[in-house]
Each structure stands twice: as C-alpha cells, then as structure tokens.
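Peer 1: Quick one, structure for this:
(4 chains)
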Protein chains: 2
Amino acid sequence: MLDERRDSCECSVIHEDIVNMARKNMPKEEHLYDLAELFKVFGDTTRIKILYALFTSEMCVCDIASLINMTQSAVSHQLRVLKQARLVKYRKEGKVVYYSLDDDHIKQIFDQGFMHITE
Amino acid sequence: MLDERRDSCECSVIHEDIVNMARKNMPKEEHLYDLAELFKVFGDTTRIKILYALFTSEMCVCDIASLINMTQSAVSHQLRVLKQARLVKYRKEGKVVYYSLDDDHIKQIFDQGFMHITE
DNA sequence: TGAACATATGAATATATATTCATATGTTAT
DNA sequence: ATAACATATGAATATATATTCATATGTTCA
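Peer 2: Numbers count the residues shown, from 1 in each chain, chains lettered A, B, ... in the order given. Predicted coordinates:
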C-alpha cells in the first residue's frame, strides 16, 4: 500500500480525487492571505463599532471616540489600521479630520455576517 | 463653554447631532461582539483554507491536512474553532470524521471580501 | 507669539491565539 | 487481544495585537 505521508502531515491521503479537486478550486495563496488579513481587520469590536458609526455619516475622531466610549488614542490607532486596509478614507478641515467609508462591500459583508449570528 | 469630556475620551463631542444619530443606528453591543467573533474566525489563513476546501466537498481531517500542508493536530484544533462558531458540522464513519459546511452565507461573505481585495 | 485643541504616533504592557509536541480516545482488522 | 490508524486534546511556546501613556505634530484663534 502506498504511503502518501507528507512533511507536515503525519497521516495519509484517503480520498485522492477529492483532494485534487479541492486543490484545483483553491484560490491563490496570496489571495487567501489577503482575505484573511481583511477579515482580521473586521475581527475586533472597536473597529466594527467605528465602521458602523461611519455607516451613518462621516465622522471626526473625537466624535467617534465619544460615541464608542474609547480614548482618542485608541480610536486613532484603529483608524490607521482601517486606513491601511483601504476601508476608510479621510479629509481634513482645519484641525479636524473627518473619516468616512472607502468601500461599498463592507455593509453587505456585515449583513451577511449578521445572518449567520442571528439565524 | 460646555465641557463634554467623558471618562474614556479626553476630547469633546464636536457634532452632537451626528453622534446621537450614529448611536441610534448602532446595533446592540452583544451583536457587535458576536460579529467581531465571527470575523475573527475568518481572520486566519489556515481556517480560510479549510473553509475553501469544504466549498468543494465534505472532507476528512487527513485529507484537509494533506491538502493545505498542515499537521493533523493543527487542522483538528482549527476545526474545533470552526465547529464552535457553527461554521462546520461533521459526521463520523468508523474512525474517519467528515467535515462539511454548516452555513450558506460563508461563500457570499468570502466573495464580497474578494471584491474588496481585488478591486 | 502663544495657548488651546484635534489628531497622530512610538514604546511598553497585557492579552489572545496559532502551532507544536506528546499523548489520549476510539475504531477497524487480523 | 492487539496492532494500526484517524482524530482529539491539554500544555507549552511563540507570536500578534489592542490599549495605554506620554508626547509630538499641526491648526486656529486671541
């Protein structure tokens, strides 16, 4: 009997045809990584709250901080993460910085997520 | 001039009307927490790969481990996380355990995520 | 010019979690 | 009964990251 053991898997392939098909359907490693990074950004209550706030309207850092009851610093740090993920954009008006959503898919992703947790 | 400073926010509310409106639209704390927990589960490459594998077909632990080139133990640990999040279910057939998807929204969430990262 | 203010940011700390390793559990076949 | 095997799991380690604290940057207004 063939020994299909691999380096990092101490058990053998049982259904080779299915594994091969799944391998074909698997997106590129790079895309999978980017997708995980995106969801990682959504995987934090503070950032979720910030994004929900921005569903209502563009908002400055102070207002967001007051709304979700977090320090200005914590909010600013998280806005940076959201900015890097291209989920929010900003505009400056004097010393006030207004943040707003930079993606149309967020709401739909959240809605789908809600369908899972409330079903 | 009013001092609107709060415990955990060292700056004042600038646009009270918008903050109030955003507060009304904000989902329950509990839901926001659950939503973040759900996305946290998606925020890991190994789990993303497992879920993509299961888009093709139900699959046993060994096959998944071989496919994504991870140890049986690591896969089993992550399957537990996915199970706890009610994203996968399983059936036993002798000593082999077959895992499959337990949610219809996952694919749509992933597709929306792809639209963000590839746009 | 300088005080007040909105925001950003680096460093440190605390906490969560992914993987590994060793081993346990439970099933099949001889 | 026992060997072989598929899977599960507890503990330990390593790593990522959220928040805090102190402070820097840049703007407005008196």
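Peer 1: so A:Asp34 sits in a strand?
Peer 2: No - counting by DSSP: H, G, I helix; E, B strand; the rest coil, A:Asp34 falls outside a strand, being helix.
Peer 1: Not counting its neighbours along the chain, what's nearest it?
Peer 2: B:Ile117 (4.4 Å; C-beta to C-beta, 6 or more residues apart in numbering or on different chains). The way it works is simple: take the backbone N, C-alpha and C, and place the C-beta from them, glycine included.
Peer 1: Distance check, that neighbour against B:Asp103.
Peer 2: 21 Å (C-beta to C-beta, to the nearest Å).
Peer 1: now do A:Lys83
Peer 2: 31 Å.
Peer 1: between the two, who's got more neighbours?
Peer 2: More crowded of A:Lys83 and B:Asp103, by other C-beta atoms under 10 Å in any protein chain shown: B:Asp103, with 20 against 14.
Peer 1: burial count for the residue nearest to A:Asp34?
Peer 2: If we define neighbours as other C-beta under 10 Å, then B:Ile117 has 16 of them.
Peer 1: quick one, phi/psi of it?
Peer 2: Main-chain torsions, B:Ile117, degrees, to the nearest 10: phi -80, psi -20.
Peer 1: what about A:Gln84, how many neighbours?
Peer 2: 11.
Peer 1: ugh, wrong one, I meant A:Glu29
Peer 2: 10.
Peer 1: Roughly how far does it sit from B:Thr118?
Peer 2: 15 Å.
Peer 1: Output the helix or strand containing A:Gln78 in PDB with nothing but the alpha carbons.
Peer 2: Per DSSP states H and E, A:Gln78 falls inside helix A:72-84. Listed next in PDB are the C-alpha coordinates belonging to helix A:72-84 (Å, rounded to 0.1, in the frame of the first residue of the first chain):
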ATOM      1  CA  GLN A  72      -8.900  59.300  21.200                       C
ATOM      2  CA  SER A  73      -5.600  57.500  21.000                       C
ATOM      3  CA  ALA A  74      -7.100  54.000  20.800                       C
ATOM      4  CA  VAL A  75      -9.500  55.200  18.100                       C
ATOM      5  CA  SER A  76      -6.800  56.900  16.100                       C
ATOM      6  CA  HIS A  77      -4.700  53.700  16.200                       C
ATOM      7  CA  GLN A  78      -7.600  51.700  14.900                       C
ATOM      8  CA  LEU A  79      -8.400  54.200  12.200                       C
ATOM      9  CA  ARG A  80      -4.900  53.800  11.000                       C
ATOM     10  CA  VAL A  81      -5.500  50.000  10.700                       C
ATOM     11  CA  LEU A  82      -8.700  50.700   8.800                       C
ATOM     12  CA  LYS A  83      -7.000  53.200   6.600                       C
ATOM     13  CA  GLN A  84      -4.200  50.700   5.700                       C
END
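Peer 1: Which parts of that helix count as buried, going by neighbours?
Peer 2: Neighbour counts over helix A:72-84 (16 or more other C-beta atoms under 10 Å in any protein chain shown) mark A:72, A:75, A:78-79, A:81-82 as buried.
Peer 1: Can you name the residue of chain A nearest to DNA strand D?
Peer 2: Relative to DNA strand D, the nearest point of chain A is A:Gly94 (3.2 Å; C-beta to the nearest atom of the strand).
Peer 1: roughly how far apart are A:Ala65 and chain B?
Peer 2: Distance, A:Ala65 to chain B, using C-beta to the nearest C-beta, to the nearest Å: 4 Å.
Peer 1: Tell me if I'm right that that residue and A:His77 touch.
Peer 2: No - A:Ala65 lies out of contact with A:His77 (C-beta atoms under 8 Å); the separation is 11.3 Å.
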